[in-house]
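Colleague: Structure for this input, please:
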Amino acid sequence: MSETETPPFRYNAGLAGEIELRWQAYWQEHGTFHAPNPVGELADPSHPRAGAPKLHVQDMFPYPSGAGLHVGHPLGYIGTDCYTRYQRMAGFNVLHPMGFDAFGLPAEQYAVQTGTHPAVTTAANVERYKQQLRRLGLAYDDRRSFSTTDPEYYRWTQWIFLQVFNSWFDPSVGRARPVSELIASFEAGERGAEWASLSPAERRKVIDDHRLAYVSEAPVNWCPGLGTVLANEEVTPDGRSERGNFPVFQRSLKQWMMRITAYGDRLVEDLDTLDWPEPVKLMQRNWIGRSQGAHVDFTVGADTITVFTTRPDTLFGATYMVLAPEHELVATLIPAAWPAGTKDVWTGGKATPAEAVAAYQAEAAAKTEEERTADGKTKTGVFTGAYATNPVNGASVPVFIADYVLAGYGTGAIMAVPAHDERDFDFATAFDLPVIRTVETPEGFEGAFTGDGTVINSGFLNGRDKTAAKAAMIAWLEEQGTGRGATTYRLRDWLFSRQRYWGEPFPIVYDETGLPIALPESMLPVELPDVDDFSPRTFDADDADSEPETPLSRKKDWVQVELDLGDGPKTYTRETNTMPQWAGSCWYELRYLDPHNEKALVDAANEAYWMGPRKDGDCGGVDLYVGGVEHAVLHLLYARFWHKVLFDLGHVSSFEPFRKLFNQGYIQAYAFRDARGVIVPAEEVVERDGKWFYGDQQVNREYGKMGKSLKNVVTPDEMCDQYGADTFRVYEMAMGPLDVSRPWETRAVIGSQRFLQRAWRLVVDEETGANRVTDEPLDPKSRKVLHRVIAGVREDMDELRFNTAIAKLIELTNTLTPLPVVSREAVEPLVLMMSPFAPHMAEELWGRLGHQGTLAYADFPVADPAQLVADSVTYPVQINGKVRAKVEVTPDTPEEEVRAAALAAVAESLGDRTPKKVIVVKGRLVSVVV
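Modeller: I've put the predicted structure just below:
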């Protein structure tokens, strides 16, 4: 054979591809990775893991875009696949499913641009993703796969919405209850006598005001250029839409809301039951923003302005008030003219309070929350012309409006204590307002003092510390009827409407009263109708006064519908907003458990088996949930909220959806710019003498997120073609810890391929294809290496340390390679341990070792404890802290013999000196003190 010819049985990309496609077909045909349920159509008593301990592992599912996957996307998927393959072999009944989060704006915008229905492009994208994921050998139970756009799936999304709509939060028991129980309470007179005198429509309004899902006039981010309301996360810090870069305005519009604030306490407190990264828990706590303090009532004529403060102990220092420009009382407070004593700086240069307020409200509406609340910005505002009365001392304090106070936070009003709040101090400085210190401040201190100290200038509170003063003030306010202790949240109710087409329709209609009516479950799913125009009506990008017009509102024959909802056929109007993309991802972990159940969201026995609590106090949920940290707040918070409602109503036994969370890192990539600063294709750049060249032109290298814009995308398809899926999998898992981001380097993939080639050669002769393995026993030294590797790999796999597990497998392979004979005793455990990372090659080698069928349920190797005991222990011997010698003894050598051996080893160093102490630290060192 020529030196340039490749041996016919060498493990290379061509052979890997043939093996991989064959084993993928085998797994598909035999349903190898199907997980049996306890009951129902997916139960299988004959399954090798039927009745075994369960393990539910789940990835945050992808949004299937037309571009397909690049090598950064499947990092977490490969990680969970390695973990679940290992745990399946370790004896667990493993549920590892994958679905697709397929509603949302990208598909809709593509439909607008091309005229292709979103359902068509979404189906094509999903199929593309499925092919790519299959090519990577990911071991999913494909019977449980779905897209959130499947009507049989979103039927249950709509069903959950109805559970939320038909529930209310009872603060007396701290949980959701059916609205029917609330109505019964009103009818029984337990909530006052007024109910009997109300009309049917008035009664419906009363109940609607209690529902967990309700319609409200709410401040929203209105984007005329896109024709839709945006969630906060869809708005850039400079107040423009993330998609399209259009201006975004604050508007009050009628929208569906979910009363997530009712669950604020539980969402905070139950974080303690979760095995989540602490930074993620902290982000959730900060987002919820629970604060304890008091509500305080300030009177303005016949009106009352209620504020929330965490520092009621500073109430004597409140020298002015600020309302959000949108506050509902602003219009009623404004006098016809400026009162005597109004300072010029308070008026905004306007002749009357009405003119000043109107002009300022218009300015504030054009700003985003980020702009309004940014630290360091110049404080702006205008005087309303009204004065309020401070309840503790009767002082008249001017009432301003200012954009740093938001209508959606707290009560939309604050009492300003400039001596002890930096924003208030900045405002007071700008508007020449008094500053009264109520906390003893260090001598010479200027500005707002936010530290603790003894209370001063505060009447009956003087001399107390902060804690005692807060308690005393709250008690006084409650006694006087001018305030009460309270807990508030930064968290706001969840805006649940979108003026889009490609989303779940609401199972809601309206009658002649304009009030919402829930459709019965028998009418689900409410399917999306076909429309000719998928886009919401857009407006001039700066037209802040425009009104939303949704795509569904133009489908008149769908909007107006005749239904019999119990009192005969009548004409109703359908809801023409759709649900946000979050809806489908709020509960998908539950549908995986029982994906074809037409009678229930999930069978109770299947839910209890896969997600139920294991013991008292356990929250239950998915055993391991893996995804990016970018979903640390919103997706996880919304999913937790829905899950808790379902728990309260008895539909699930777990009170948290995800018991353990793991955030994988990201794969980043180098990008290259030429002298003009223009990005050039990364795959065409070559390195010469430590510099990078695109053709003959030297270019600069930078580090960034992999993506089309940086022309540095590498697809898994390319890697599978060039190296094989197993090599790609091993490389991604060996690059570094799973939770750490790392740079992609295609040229480094060859190292993973060489490792697999060495392992392949242990079994297969590259020239003949013959089996090289013998039944001769392993030599004692190599046997110890084998069992040490087995123990280490098991420990690494349990802790998701895949890179160090692979390092140990490489060590074992390198130990076995130079041996004169290849022992089955070592090779079979090596193949089994490699199978989570290189499953196709492992299956192939397992068959060549004489086994039938798949190794997916073979027992993962277990180390022999006797082989883990060291043959010898080396003791460094110190004299007065400096190592002077080393002695090697057996691990069971008595301490006296260790001491004697150590003294003999340092006899020359000791000379005629007599040791004062000889300290033996077992297994570690001997310390001689002279």
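
Colleague: alpha carbons only for contacts and neighbour counts from here, please
Modeller: OK.

Colleague: where along the stretch 151-300 of the chain do the helices fall?
Modeller: Assigned by DSSP state H, counting those that start in this stretch, the helices in the stretch 151-300 of the chain fall at 151-165, 179-187, 200-208, 264-269, 278-288.

Colleague: Would you tell me which one of those helices is buried the most?
Modeller: Among the helices of the stretch 151-300 of the chain, helix 151-165 has the highest mean neighbour count (mean count of other CA atoms under 10 Å), at a mean of 22.

Colleague: sorry, back to before: please convert the helices of the stretch 151-300 of the chain to TSV, extending it with mean pLDDT and distance to residue 768.
Modeller: TSV is the format used below for the helices of the stretch 151-300 of the chain (pLDDT from 0 to 100; distance: least, CA to CA, whole Å):
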stretch	mean pLDDT	distance to residue 768
helix 151-165	98	53
helix 179-187	97	75
helix 200-208	97	78
helix 264-269	96	64
helix 278-288	94	55
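
Colleague: May I see those organised as CSV, with distance to residue 902 added?
Modeller: As requested, these are exported to CSV (distance: least, CA to CA, whole Å):
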stretch, distance to residue 902
helix 151-165, 73
helix 179-187, 81
helix 200-208, 84
helix 264-269, 57
helix 278-288, 47
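
Colleague: do you know which of the ones you listed lies nearest residue 109?
Modeller: Closest approach to residue 109 among these (CA to CA): helix 151-165, 21.0 Å.

Colleague: Pull the number of nearby residues for residue 751.
Modeller: Around residue 751 there are 13 other residues, counting by other CA atoms under 10 Å.

Colleague: hang on, it is in a strand, isn't it?
Modeller: No - with the criterion set as DSSP: H, G, I helix; E, B strand; the rest coil, the secondary structure at residue 751 is helix rather than a strand.

Colleague: Return the residues in contact with the closest residue to it other than its chain neighbours.
Modeller: Closest residue to residue 751 apart from its sequence neighbours, by CA to CA, 6 or more residues apart in numbering: residue 731 at 8.0 Å. Contacts here follow CA atoms under 8 Å, 6 or more residues apart in numbering; on that basis residue 731 touches 749, 751-752.

Colleague: so which of the helices of the stretch 151-300 of the chain gets nearest residue 236?
Modeller: Comparing the helices of the stretch 151-300 of the chain by CA to CA, helix 278-288 comes nearest, at 17.8 Å.

Colleague: Ramachandran angles for the residue nearest to residue 751?
Modeller: phi -60, psi -50 (degrees, to the nearest 10).

Colleague: same thing with residue 927?
Modeller: phi -110, psi 120.

Colleague: Do I have it right that it meets residue 916?
Modeller: No - contact criterion CA atoms under 8 Å: residue 927 and residue 916 do not qualify, at 10.7 Å.

Colleague: higher neighbour count, the two?
Modeller: The neighbour comparison of residue 927 against residue 916 (other CA under 10 Å) goes to residue 927, with 22 against 9.

Colleague: Residue 821 and residue 842, how far apart?
Modeller: Distance check for residue 821 against residue 842: by CA to CA, to the nearest Å, it reads 20 Å.

Colleague: Spell out the residue ranges of the strands in the stretch 751-900 of the chain.
Modeller: Remark: strands assigned in the stretch 751-900 of the chain by DSSP state E, counting those that start in this stretch are 773-774, 822-823, 873-879, 882-889.

Colleague: Among those, which comes closest to residue 483?
Modeller: When the strands of the stretch 751-900 of the chain are compared by CA to CA, strand 882-889 sits nearest residue 483, at 70.9 Å.

Colleague: show me what contacts residue 91?
Modeller: If a contact means CA under 8 Å, 6+ apart, then residue 91 has 49, 52-53, 857, 859 as its contacts.

Colleague: And for residue 885?
Modeller: Shown in contact with residue 885 (CA under 8 Å, 6+ apart): 876-878, 902, 905-906.

Colleague: go again using 10 Å as the cut-off
Modeller: 875-879, 902-907, 909, 926 (CA atoms under 10 Å, 6 or more residues apart in numbering).

Colleague: how far away is residue 797 from residue 398?
Modeller: Using CA to CA, which is the criterion applied here, residue 797 is 65 Å from residue 398.

Colleague: do residue 169 as well
Modeller: 38 Å.

Colleague: ok, now residue 838?
Modeller: 72 Å.

Colleague: Then residue 615?
Modeller: Residue 615 sits 58 Å away from residue 398, taking CA to CA as the criterion.

Colleague: ditto for residue 306
Modeller: Distance of residue 306 to residue 398, computed by CA to CA: 15 Å.

Colleague: Same question for residue 809.
Modeller: Distance from residue 809 to residue 398, counting by CA to CA: 74 Å.

Colleague: Which of those two has more residues huddled nearby?
Modeller: A count of neighbours by other CA under 10 Å puts residue 809 above the other of residue 809 and residue 398, at 22 against 19.

Colleague: Let me see the mean pLDDT of stretch 598-607.
Modeller: Mean per-residue pLDDT for stretch 598-607: 97.

Colleague: For it, measure first residue to last.
Modeller: Length of stretch 598-607, first residue to last, CA to CA: 15 Å.

Colleague: In it, which of the residues would be classed as buried?
Modeller: Residues of stretch 598-607 classed as buried: 601-607 (neighbour count, 16 or more other CA atoms under 10 Å).

Colleague: Identify the residues contacting it?
Modeller: 36-40, 42-43, 152-153, 155-157, 159-160, 587, 590-597, 608, 611-612, 621, 650-654.

Colleague: okay, and the helix or strand of the protein with the least pLDDT?
Modeller: helix 369-373 (a mean of 79; mean pLDDT, DSSP states H and E).

Colleague: which other residues reach that helix?
Modeller: Identification of contacts with helix 369-373 by CA under 10 Å, 6+ apart yields 221, 232, 235-239, 249-250, 364-367, 377-380, 402-406, 423.

Colleague: rerun at 6 Å
Modeller: Residues from elsewhere that reach helix 369-373 (CA atoms under 6 Å, 6 or more residues apart in numbering): 237, 403-404.

Colleague: Residue 789: which of these is nearest?
Modeller: Using CA to CA, residue 237 comes nearest to residue 789 of the contacts of helix 369-373, at 50.7 Å.

Colleague: Chain neighbours aside, what residue packs nearest to that closest one?
Modeller: The shortest distance from residue 237 to any non-neighbouring residue, by CA to CA, 6+ apart, is to residue 370 (5.9 Å).

Colleague: Can you lay out the contacts of residue 91 as CSV showing distance to residue 763, neighbour count and pLDDT?
Modeller: CSV is the format used below for the contacts of residue 91 (distance: CA to CA, whole Å; neighbours: other CA atoms under 10 Å; pLDDT from 0 to 100):
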residue, distance to residue 763, neighbour count, pLDDT
49, 30, 19, 97
52, 33, 13, 96
53, 34, 12, 97
857, 21, 19, 98
859, 20, 15, 98
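
Colleague: Now, those that are in helices?
Modeller: Of these, none are assigned to helices by DSSP state H.

Colleague: so which of those residues comes closest to residue 780?
Modeller: residue 859 (23.4 Å).

Colleague: Strands of the stretch 551-700 of the chain, start to end?
Modeller: Counting by DSSP E, counting those that start in this stretch, the strands of the stretch 551-700 of the chain are 560-564, 569-574, 624-627, 661-663, 667-673, 679-680, 685-688, 691-694, 697-705.
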